[in-house]
Each structure stands twice: as C-alpha cells, then as structure tokens.
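Engineer: The following block contains a protein sequence and its predicted model.
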Amino acid sequence: QAQLVESGGGSVQPGGSLRLSCEASGFSLDFWEVGWFRQAPGKGRDAISCIGRSAGTTYYADSVRGRFIISRDKFKDTVYLEMNSLKPEDTAVYYCATQCTPEGAHWGQGTQVTISS
C-alpha cells in the first residue's frame, strides 16, 4: 500500500534544530514534487515548504523562510526538512505530501514537533 512516512520530530528548546524525513512506501518520491505542511493545535494545515521533482525549485512560507531548508536525496528517495532557529510557534504536527498544496492530499501519520523551554 502506497503511503508516506514522516519521522524526525521531537521536543527541543527554542533556538534548536531538527531534521524531518519524508519517505515513501510502495512508490518512489522521485517522480513527485513533495511538500511539507504543519498543523498546530486548533488550526488548519498549512503549507510551509515544497520542492520540485528536480530539486531546482523550492518554496518556503514567510514564517519559515531563512530558517528551514528543504532538500531531497535521490539515492535514499527521501525528502528532508531541516529546521533551524526553532520557535515555540513552530510547534505542530508536521506532514509531507506529494504535492505543494494541502487540498486533496493523502496524508501520513505526521510527526510531532514541540518547541518549549
């Protein structure tokens, strides 16, 4: 069964870093653009970053631009989201999807990121 699996979340202090991974099961990410999204408690699911199939095109929401870096490893068939200078407002469940917008996306279980001192 084709599905996406997110990992790498955790609990860190403000200013810390985490690297999230998005892997596919049952298909290859190589043929898809991949987006990262997050959903904070009581809020909607927002797009925060996206990478094109060739990795030559990237997108960042204003809230994360300059702090987060999206990348993909073709050989590991994995898309990463490196998150730096984390803030309490980055606390959310993070999801990846094979598209850059949330509408109609197929979601994995997500990975929890908690930023707290």
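Structural biologist: Thanks, I have the structure now.

Engineer: mind checking the end-to-end distance for stretch 33-53?
Structural biologist: Stretch 33-53 has an end-to-end distance of 5 Å (criterion: Cα to Cα, to the nearest Å).

Engineer: Ok, stretch 21-32 next?
Structural biologist: End-to-end distance of stretch 21-32 (Cα to Cα): 15 Å.

Engineer: Nearest the geometric middle of the protein, what residue?
Structural biologist: Central residue of the chain (Cα atoms, centre = their mean): W36, 3.2 Å from the mean position.

Engineer: in its sheet, what does whichever strand or helix holds that one sit against?
Structural biologist: Per DSSP states H and E: W36 is located in strand 34-39. With DSSP bridges as the test, strand 34-39 is paired with strand 45-51 (antiparallel), strand 92-97 (antiparallel).

Engineer: correct me, but T98 touches V34?
Structural biologist: Yes - taking contacts as Cβ atoms under 8 Å, T98 lies within contact range of V34: 6.0 Å. In short, each C-beta sits where N, CA and C put it, glycine included.

Engineer: For the two, indicate the residue with more neighbours.
Structural biologist: V34 (25 against 18; other Cβ atoms under 10 Å).

Engineer: is it true that that one touches A47?
Structural biologist: No - using Cβ under 8 Å, V34 is not in contact with A47, being 11.4 Å away.

Engineer: returning to what we had before: quick one: average pLDDT of the strand holding W36?
Structural biologist: For strand 34-39, the mean per-residue pLDDT is 97.

Engineer: May I see the strands paired with strand 34-39 organised as TSV, with mean neighbour count, distance to I115 and mean pLDDT added?
Structural biologist: What follows is these, written out as TSV (neighbours: other Cβ atoms under 10 Å; distance: least, Cβ to Cβ, whole Å; pLDDT from 0 to 100):
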stretch	mean neighbour count	distance to I115	mean pLDDT
strand 45-51	21	14	97
strand 92-97	24	9	97
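
Engineer: got the ones you listed as JSON lines, with distance to G108 columns?
Structural biologist: Output for the strands paired with strand 34-39, formatted as JSON lines (distance: least, Cβ to Cβ, whole Å):
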{"stretch": "strand 45-51", "distance to G108": "12"}
{"stretch": "strand 92-97", "distance to G108": "6"}
